[in-house]
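Asks: Structure for the following, please:
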Amino acid sequence: MILDTRPADAAAEVRKPILTLEKVSMQFGGQAVLRNVNLSIAKSETLVVIGESGCGKTVLLKLIIGLLRPTSGRITFDGRVLADLPERELNRQRLRFGYLFQGAALFDSLSVFDNIAYGLRAQVRLSEAALRERVVQRLQEVGLPAAVAVKRPAELSGGMKKRVGLARALALDPEVMLYDEPTTGLDPIMTDVIHELIQQTRRRRPVTSLVVTHDMKTALKVADRLVMLYPLARLRPGESQVLFQGSPQELQACRDERVRQFVEGEARDRLLELTRQGR
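Replies: From the prediction side, this is the model:
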């Protein structure tokens, strides 16, 4: 048994949610994507959101960073309701987030150095020497040599692009890191490199992490807690869209057949369903 030897107020501060979603729903036109989602993320926690394509995982990330506003419900970040903030203040709060996009989303016309320095130049007053030192530090953190700084994204492998994207996301020392399918398209070795970098990032700084993925190896390796979303169209009447919420150990023991099929990659029932729908 590991005892928490921190003072009670310090331990409570760590457990205090930095992000909460209360009855959050989102729809585009007549298409509902999220419905009455309740969720909280504690400071320094790594929460992994899993679920099949179309269940609203990426929409959830965009709502959390304020790129979308919920159709109903509210999202609170560090005690403030995002939808209540004026645009200028919302932009200021977004600087507290780092976002690793699914495809890295690097600027093709810029060098690696300028990609990582982009946000720093826009938001922080640093001398050119201090800027260069920060960029090199972030490259080193993601396991890339300084020599990569002069390359363009087209000269990089998929794994290198992901790591440059992570270095850029970390450049402004965010309090919250959002990862959108961080291992998509990577080979098994590079996938594990990304796993290690996510964990390393948390060890090096008191960052809260939200990881969206359908890769169960990623989910089980990096998560403190997991949430599984389910597509609205396939829910039973009145059922919560959050099909599971708990630790990796609890996920492994969950007996819900839909959760088990996703975790184990079992497609038999889903294939029969798609056949009936003619898809």
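Asks: Report whether the expected contact of I18 with L47 is present.
Replies: No. Between I18 and L47 there is no contact under CB atoms under 8 Å: 10.7 Å. For glycine as for every other residue, the C-beta is placed from the backbone atoms N, C-alpha and C.
Asks: what do those two both touch?
Replies: Counting by CB atoms under 8 Å, 6 or more residues apart in numbering, the shared contacts of I18 and L47 are I41.
Asks: Make sure S209 is indeed in a strand.
Replies: Yes. Counting by DSSP: H, G, I helix; E, B strand; the rest coil, S209 is located in a strand.
Asks: Between I18 and L47, which has more neighbouring residues?
Replies: More crowded of I18 and L47, by other CB atoms under 10 Å: L47, with 21 against 18.
Asks: what sits against the more buried one?
Replies: Contacts of L47 (CB under 8 Å, 6+ apart): I41, S209, L210, V211, A223, D224, R225, L226, V227.
Asks: Give the bridge partners for it, please.
Replies: Taking DSSP bridges as the rule, L47 bridges to L210, R225.
Asks: tell me the pLDDT at it?
Replies: With respect to pLDDT, L47 has a value of 97.
Asks: how near is it to E181?
Replies: 15 Å (CB to CB, to the nearest Å).
Asks: just K57 next, same as before
Replies: Going from K57 to E181 by CB to CB gives 8 Å.
Asks: try F28
Replies: In this structure, F28 and E181 are 20 Å apart, going by CB to CB.
Asks: Those two: which has the busier surroundings?
Replies: With neighbours defined as other CB under 10 Å, F28 and E181 compare such that E181 has more, 19 against 10.
Asks: circling back: name the residues contacting each of K57 and E181.
Replies: Residues touching both K57 and E181 comprise V212, T213, H214, with contact defined as CB under 8 Å, 6+ apart.
Asks: Distance-wise, check A83 relative to T58.
Replies: Separation of A83 from T58 (CB to CB) stands at 19 Å.
Asks: wait, I meant R225
Replies: Look at R225 and T58: by CB to CB, they are 19 Å apart.
Asks: just L82 next, same as before
Replies: Computed as CB to CB, the L82 to T58 distance reads 17 Å.
Asks: which of those two has more neighbours?
Replies: More crowded of L82 and T58, by other CB under 10 Å: L82, with 20 against 16.
Asks: so R125 sits in a strand?
Replies: No. Checked against three-state DSSP, R125 lies outside a strand; its state is coil.
Asks: what's around it, how many residues?
Replies: Count around R125 with other CB under 10 Å applied: 8.
Asks: contacting residues for the residue nearest to V150 when sequence neighbours are not counted?
Replies: Residue nearest to V150 in three dimensions, not counting chain neighbours: S111, with 5.8 Å by CB to CB, 6 or more residues apart in numbering. By CB under 8 Å, 6+ apart, the contact set of S111 is A149, V150, K151, R152.
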